[in-house]
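**Student:** below are the sequence and a predicted model; questions follow.
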Amino acid sequence: MYCYFSKGVYSKVEKGITVCIFGIILAFYATLVASGGPDWGEMGYSVVHWSFPEASLTTALAYISTNAAVTSGIYGTQ
């Protein structure tokens, strides 16, 4: 009730979400650097010779659920 009837709550929530998204981006790049980055030769090979690996459904569902969480965080507050 407080959030619904208060003034300026939406802008505070929006700023908080923006900070969280920047945190996610920084964590991604930190992980990319810490892991040594992608193997560019293998990536180039995979672009030309692609296939679906076994048990890739769980990876795809994890990817979709991660993006859905961020999206619902942004658009669910309007």
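**Tutor:** Yep, it's here.

**Student:** which stretch of helix or strand covers the residue sitting nearest the centre point of the chain?
**Tutor:** Computing the C-alpha centroid of the chain and ranking residues by CA atoms, centre = their mean puts N67 first, at 5.0 Å. For N67, the element it lies in under DSSP states H and E is helix 56-75.

**Student:** now that helix: average pLDDT?
**Tutor:** For helix 56-75, mean pLDDT rounds to 76.

**Student:** and what of stretch 28-40?
**Tutor:** 91.

**Student:** what about that stretch, how long is it end to end?
**Tutor:** One end of stretch 28-40 sits 18 Å from the other (CA to CA, to the nearest Å).

**Student:** for it, what is the distance to the chain centroid?
**Tutor:** 16 Å (CA atoms, centre = their mean, to the nearest Å).

**Student:** quick thing: my sequence starts at 40, can you match it?
**Tutor:** Shifting the count to begin at 40 puts that one at stretch 67-79.

**Student:** all set, thanks.
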